[in-house]
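1. requesting a structural model of the entry that follows:
(chains A and B)
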Amino acid sequence: MELSEIASALIEGNRKRVQELVSLAIKEGVPPERIINEGLIAGMQVVGERFKNNEIFVPEVLISARAMHAGMDLLKPLLAKSPGILKGKIVIGTVKGDLHDIGKNLVAMMLEGAGYQVIDLGIDVDAEKFVESVKTYNPDILGMSALLTTTMPYMKVTIEALEREGLRDKVKVIVGGAPVTEEFAKEIGADGYAEDAGSAVELVNNLLGIKSA
Amino acid sequence: MKKEEKSIPKEEKMNEKQWKILLDCAQLKPIEKIPIGLIVDSPWIPGFLGISHLSFYTIPEIWLNSYFEIKKRFPEVIFIPDFWVEYGMAQEPSGFGAKITFSKNSTPNIHPIISSADDLGEYLKRLKAPNPKTDGLMPFILEFYKYVEPKIKERGEFIKIVASRGPFAIASHIMGVPEFLVAVKIYPEEAKKLIDITSNLVIDWLYAQIEVLSNIEGILVLDDIVGFFSENDFLEFVYPSFKKIFSYFNFPVKIYHNDTNNSVFYRYLPELGINIFNFTHLQNIKEVYEKTQGKICLMGNIPPLDILANGKPEDVKNSAKNILKEFPEKKGIILSAGGGVSPGTPEENIRALIERGTW
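-> Residues are numbered from 1 along each chain as shown, chains lettered A, B, ... in the order given. Now for the predicted structure:
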């Protein structure tokens, strides 16, 4: 089979077809890294590009990401045996007091689509949980999202908690969300700020010294 | 009526004058002075006045005095919808049974009822459409309105506009935004059923408020979720719903707020019966004018956060100046933020906006 078929099914957001094709590829003995790179990531790159160019909208991105997750679920047991094929590890969450997840989810999807392992802590995440996740997962990047001006100061609280625990130098911190600005990111001592989901991938690539596709 | 007018101090009649200005704007009549209109509600008012959100929401006297205070401080500003009883985004989703978490100093959080688009079909089977007179927080708001309206009238003011979150915003609170948007693509028929239910709630909710108030002549519908849709999806899902809502009410003022940066639906707004549109600062006002064919009043579009909340008064003035330079007409414009007034917006910046409000 052609791995580009997986990419096409993913672009269409056809979850069932992606599952079938990934299962078939596994059965045929295609290495998981090839399925990910030439199938899932290739598809998500097209989706990301089309989204950036306003050719498709958020709902289309979401169903493609859903299809990608379905494919990744089948590959996860195989990935455990060869973790090196992922570009890096990212822990992400919406800060405490904030239940908004659309921006955070889009960033997570784009990063997964770009070949990163994303550990999504969900919404309303307190500083303790962020700190614990850094200890547990040892990520390269910690991403925080906020949609409200009332919750964005909590990003600083989390950064201070990382400092107190002696973890700040072990992880790069990035922030984003509608009210967040580059200036605010600098003020609170974050390592980076991204305006949108597409820029988040470039930001992470830059911070980790990885060449963008 | 004449006798009543005589007894009202001059400065307190502003509301009546402002309503006339708003009508002129909605009807695209030439205006001598640029009106300043701001959407203000609980994200901004309690913080601005240094009171807690909880007391603002629950104690009618505090709520009333808050509105009287901001109107006294900014008599030149047309507040939209003006006296507005709300609990952030919570009132409409609460009718479906969504859990609402209140905090002392912020707007409440709404917890989705359905966790996956895959569950929507099953949810719809057991869903009973909410009745705004009996369900969730809405009956509290109706009682609140009944209590405060006479006191507002005593001051020579009127409640002229009622508001509701739009059907897509409500649906997104029931399901969470991503799952709702997924449902629109994967389960379009089920999504349409849900949208039909939330659209009916918007109508019933506005109508219930109109019933308990005595001077309503306008509606405000706020729905940012529409901004996630492509043009095709707008036509399939949003257009029929909005047509139903906006044509249901025969009022001279019909305001729609959506400050997302997506202009694919702008050209349809006039034919939906909307006559005032509050839009994002990320769009150029001249282009929005062209896309809406000069047929509706534009309300915008100072950056609400970077400029109006966090900028200097000079930045506000410059931003207003640029907007007015771009706008081609001396009618059909209300100078405002490109969205609602953000938390933390200081008095001096609103003052700067008022000062710059001349052609």
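2. C-alpha from now on. contacts and neighbour counts both.
-> Fine.
3. nearest residue to the residue nearest in space to the middle of chain A other than its sequence neighbours?
-> Nearest residue to the geometric centre of chain A (C-alpha atoms, centre = their mean): A:Ala108, 2.6 Å. Among residues not flanking A:Ala108 along the chain, A:Val118 sits closest, at 6.3 Å (C-alpha to C-alpha, 6 or more residues apart in numbering or on different chains).
4. what does the pLDDT read for the residue located most distally from the centre of chain A?
-> Distance from the centre of chain A peaks at A:Glu28, with 28.7 Å (C-alpha atoms, centre = their mean). A:Glu28 is assigned 96 on the pLDDT scale.
5. what about the residue nearest to A:Ala108, is that helix, strand or coil?
-> Under DSSP: H, G, I helix; E, B strand; the rest coil, A:Val118 falls in the strand class.
6. what's the distance between B:Gly332 and B:Pro304?
-> Plainly put, B:Gly332 is 20 Å away from B:Pro304 if you go by C-alpha to C-alpha, to the nearest Å.
7. circling back: next, the contact list for the residue farthest from the centre of chain A, please.
-> A:Glu28 makes contact with no residue, according to C-alpha atoms under 8 Å, 6 or more residues apart in numbering or on different chains.
8. name the helices or strands packed onto whichever strand or helix holds the residue nearest to the centre of chain A?
-> Using DSSP states H and E, A:Ala108 sits within helix A:102-113. Counting contacts by 3 or more C-alpha pairs under 8 Å, 6 or more residues apart in numbering or on different chains; DSSP states H and E, helix A:102-113 packs against helix A:42-52, helix A:58-79, strand A:89-94, strand A:117-120, strand A:141-145, helix A:197-207, helix B:177-186.
9. so which of the ones you listed gets nearest B:Ser94?
-> Closest approach to B:Ser94 among those (C-alpha to C-alpha): helix B:177-186, 16.3 Å.
10. what about the residue nearest to A:Ala108, how many residues close to it?
-> Neighbourhood size, A:Val118 [other C-alpha atoms under 10 Å in any protein chain shown]: 22.
11. does it really touch A:Glu112, like I thought?
-> Yes: assessed by C-alpha atoms under 8 Å, A:Val118 is found in contact with A:Glu112 at 6.2 Å.
12. which neighbours do those two share?
-> Counting by C-alpha under 8 Å, 6+ apart, A:Val118 and A:Glu112 have no contacts in common.
13. so is the nearest residue to B:Gln293 once chain neighbours are set aside in a helix, a strand, or just coil?
-> Leaving out its chain neighbours, the residue that sits closest to B:Gln293 by C-alpha to C-alpha, 6+ apart is B:Arg267, at 7.2 Å. Recorded secondary structure, B:Arg267: helix (three-state DSSP).
14. alongside chain A, which residues does the stretch 101-250 of chain B contribute?
-> Proximity of the stretch 101-250 of chain B to chain A is confined to B:106, B:109-111, B:177-178, B:181-182, B:184-186, B:228-230 under the rule C-alpha under 8 Å from any C-alpha of the partner chain.
15. now for the residues you listed: which two are most distant?
-> Greatest spacing in these, by C-alpha to C-alpha: B:Ser106 and B:Ile186 (34.8 Å).
16. quick check: domain ranges of chain A?
-> Following automatic domain parsing, one finds the domains of chain A at A:4-84, A:86-207.
17. distance between the ends of the last one?
-> The distance separating the two terminal residues of domain A:86-207, taken as C-alpha to C-alpha, comes to 16 Å.
18. distance-wise, check A:Ser199 relative to B:Val341.
-> Taking C-alpha to C-alpha as the measure, A:Ser199 falls 27 Å from B:Val341.
19. more neighbours, these two?
-> When A:Ser199 and B:Val341 are compared for neighbours, B:Val341 comes out ahead with 23 against 15, by other C-alpha under 10 Å.
20. correct me, but the more buried one touches B:Trp44?
-> Yes: between B:Val341 and B:Trp44 there is a contact under C-alpha under 8 Å: 6.4 Å.
21. related to what we said a few turns ago, quick one: the helix holding A:Ala108 to helix A:42-52, angle?
-> On the basis of axes from the mean of the first three to the mean of the last three C-alpha atoms, to 10 degrees, helix A:102-113 is oriented at 140 degrees to helix A:42-52.
22. ok now helix A:102-113, how far from the chain's centre?
-> 5 Å (C-alpha atoms, centre = their mean, to the nearest Å).
23. point out where chain B drops to low pLDDT.
-> Within chain B, the segments meeting pLDDT under 70 span B:1-14, B:357-359.
24. so for A:Pro77, what pLDDT did the model give?
-> 82.
25. same check, this time on A:Leu111
-> Looking at A:Leu111, its pLDDT stands at 89.
26. measure it to B:Pro270 for me?
-> Distance from A:Leu111 to B:Pro270, by C-alpha to C-alpha: 40 Å.
27. tell me which residues touch residue 88, please.
-> Defaulting to chain A. Listed by C-alpha under 8 Å, 6+ apart, the contact set of A:Gly88 reads A:Gly115, A:Tyr116, A:Gln117, A:Pro139, A:Asp140.
28. my bad, the chain I had in mind was chain B
-> Contacts of B:Gly88 by C-alpha under 8 Å, 6+ apart are B:Asp41, B:Ser42, B:Pro43, B:Thr107, B:Pro108.
29. A:Thr158 now?
-> Shown in contact with A:Thr158 (C-alpha under 8 Å, 6+ apart): A:Asp126, A:Ala127, A:Glu128, A:Phe130, A:Val131.
30. now that we have those, which one has the most neighbours?
-> The contacts of A:Thr158, ranked by neighbours (other C-alpha under 10 Å): first place A:Phe130, 23 neighbours.
31. quick check: nearest residue in space to it, chain neighbours excluded?
-> Nearest non-adjacent residue to A:Phe130, counting by C-alpha to C-alpha, 6+ apart: A:Thr158, 7.2 Å away.
32. what's the helix or strand for that neighbour?
-> Assessed by DSSP H and E, A:Thr158 sits inside helix A:154-164.
33. for the record, mean pLDDT for that helix?
-> Here the average pLDDT along helix A:154-164 is 96.
34. that helix: how far from the chain's middle?
-> Worked out by C-alpha atoms, centre = their mean, helix A:154-164 lies 21 Å from the chain centre.
35. how about it: buried residues?
-> By 16 or more other C-alpha atoms under 10 Å in any protein chain shown, the buried positions in helix A:154-164 come out as A:Tyr154, A:Met155, A:Lys156, A:Val157, A:Thr158, A:Ile159, A:Glu160, A:Ala161, A:Leu162.
36. re earlier: can I get the contacts of B:Gly88 in JSON lines including neighbour count, distance to A:Lys89 and secondary structure?
-> Below are the contacts of B:Gly88 laid out as JSON lines (neighbours: other C-alpha atoms under 10 Å in any protein chain shown; distance: C-alpha to C-alpha, whole Å; DSSP: H, G, I helix; E, B strand; the rest coil):
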{"residue": "B:Asp41", "neighbour count": "23", "distance to A:Lys89": "41", "secondary structure": "coil"}
{"residue": "B:Ser42", "neighbour count": "25", "distance to A:Lys89": "39", "secondary structure": "coil"}
{"residue": "B:Pro43", "neighbour count": "23", "distance to A:Lys89": "36", "secondary structure": "coil"}
{"residue": "B:Thr107", "neighbour count": "24", "distance to A:Lys89": "34", "secondary structure": "strand"}
{"residue": "B:Pro108", "neighbour count": "21", "distance to A:Lys89": "33", "secondary structure": "strand"}
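37. let me know the closest of the buried residues of helix A:154-164 to chain B.
-> Nearest to chain B among the buried residues of helix A:154-164 is A:Tyr154, at 13.5 Å by C-alpha to the nearest C-alpha.
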